[in-house]
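J.: I'll drop the sequence and a predicted model, then ask my questions.
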Amino acid sequence: MVDSATPSPRNGTLPVSVHVLVTHEVTASVALGLLDLFHSAGRDWGLIVSGQPGEPLMKPLLVSASGQPLAVANGVRLCPDARFADLAPPDAVCIPELFVAPGEPLDARYDAECAWLRHCHEAGSLVSAACSGGLLMAQAGLLDGLDATTHWAYCDALAERFPRVRLQRQRSLVASGQGQRLVMAGGGTSWQDLGLYLVARLVGVDAAMQLARLYLIDWHHAGQQPYARLAASRQTDDALVTQAQVWAARHYAQANPVRAMAEISGLSERAFVRRFRQATGLSPLAYVQHIRIEEAKQLLESTAMPVDAIAETLGYEDASFFSRLFKREVRLTPAAYRRKFGGLREVLRLAHAQAG
């Protein structure tokens, strides 16, 4: 069964460690907004509905190069919890937006931060950025040859200064790299999308949806891409298997995907299946089905597509087979899943509109 609430921090334990980077040019509202959101995960829903706080699921910290109080954008003073160099790499790093002119280079003043980001990523941390914070990921060399996004006002500057980055200008959320451990959100208020994405990925979808209701956030509006591959994102050091995973993430709807993955690997189908299972714990077919099921969830939540059309989009010729598979994996029929989660999305939309 695909359990969307199963925690998946890097070390497999809760609470999940998240370090929010602060520098002189970050925006305090984004840094503190992310901090509040992560502190709320698992804790505040119970407090609101029953008067009893739940167990915190995340342990966020504000970190900086010096660890000393500093003035950030607009003169707001923040007090970091620690120097990042004094801490072990966390499960996730968050870079808030940087209040810099689009054409202004970051240059050497961010050398320490860039070195730390590279160290964390090499150690297995998920590295993420909101809005223009993606510039720092590019400066650190983490995005070379990979898909990325940033605020629309910074797209031209990023494309010019970092031509090896594959800029996705229209995407509001992009996950890239091995294990999809590089995550960027584009718009000015996209830190909310980023925060909910990280909660969903590192803790569970239920916790993220609780936060969406508490904070009146119209989460997940970017469509199918942001959340589609959470369940199947199994990291591996086997480059051949990683290549197959990348192919599957893009071509999951293709007929006979296992045969195609084996051909790409250069192995016989039997040898490839054995090697893939050793590296990921899943058969290649189960891996592709995980991707398809997660994609189906997003289509059911965010569109009115008929179930048979969704099945066809995902590569299933028999809609009834897809429905049976979906129910077996999710323990809900596609229609029941849409009523449960698509309905919540509509409630959040109405609440958000009324709050405005």
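T.: Thanks, I have it.
J.: quick one: buried residues of the strand or helix carrying A279?
T.: Using DSSP states H and E, A279 sits in helix 269-280. For helix 269-280, burial by neighbour count (16 or more other Cβ atoms under 10 Å) applies to F272, V273, R275, F276, A279, T280. C-beta coordinates here come from the backbone N, C-alpha and C atoms, glycine included.
J.: Could you work out the most separated pair of those?
T.: Largest separation among the buried residues of helix 269-280 by Cβ to Cβ: F272 and T280, giving 12.0 Å.
J.: before we move on, which element is G134 in?
T.: helix 134-139.
J.: hey, C-alpha coordinates of that helix in CSV?
T.: In CSV, the C-alpha atoms belonging to helix 134-139 read as follows (Å, rounded to 0.1, in the frame of the first residue of the first chain):
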residue,chain,number,x,y,z
GLY,A,134,17.4,29.7,-6.2
LEU,A,135,20.2,32.1,-7.4
LEU,A,136,22.3,30.9,-4.5
MET,A,137,21.8,27.3,-5.4
ALA,A,138,23.0,28.1,-8.9
GLN,A,139,25.9,30.1,-7.5
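J.: which residues are in contact with it?
T.: For helix 134-139, the surrounding residues in contact (Cβ atoms under 8 Å, 6 or more residues apart in numbering) are 95, 98, 100, 106, 110, 113-114, 117, 127, 129, 143, 148-150, 154, 157-158, 161-162, 165, 182, 184, 186.
J.: The stretch 51-200 of the chain: strands as residue ranges?
T.: For the stretch 51-200 of the chain, strands defined by DSSP state E, counting those that start in this stretch occupy the ranges 58-64, 70-71, 77-78, 82-83, 92-95, 126-130, 147-148, 166-167, 173-176, 182-185.
J.: per-stretch mean pLDDT over these, give me the minimum one.
T.: When the strands of the stretch 51-200 of the chain are ranked by mean pLDDT, strand 173-176 comes last with a mean of 86.
J.: Show me what that strand is packed up against.
T.: strand 147-148, strand 182-185, helix 191-202 (3 or more Cβ pairs under 8 Å, 6 or more residues apart in numbering; DSSP states H and E).
J.: Can you dump the C-alpha atoms of that strand in PDB for me?
T.: Taking Å, rounded to 0.1, in the frame of the first residue of the first chain, the C-alpha atoms of strand 173-176 are listed here in PDB:
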ATOM      1  CA  LEU A 173       7.800  24.400  -8.300                       C
ATOM      2  CA  VAL A 174      10.600  22.300  -9.700                       C
ATOM      3  CA  ALA A 175      12.300  19.200  -8.100                       C
ATOM      4  CA  SER A 176      15.600  18.200  -9.800                       C
END
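J.: Can you give the strand pairings for that strand, parallel or anti for each?
T.: Here strand 173-176 is paired, per DSSP bridges, with strand 182-185 (antiparallel).
J.: quick one: the strand it pairs with to chain centroid distance?
T.: Centroid separation for strand 182-185 versus its chain: 7 Å, with Cα atoms, centre = their mean, to the nearest Å.
J.: which stretch among the strands of the stretch 51-200 of the chain comes nearest A286?
T.: Once the strands of the stretch 51-200 of the chain are compared by Cβ to Cβ, strand 173-176 is nearest, at 21.0 Å.
J.: Off-centre distance for that closest one?
T.: So, by Cα atoms, centre = their mean, the centroid of strand 173-176 is 7 Å from its chain's centroid.
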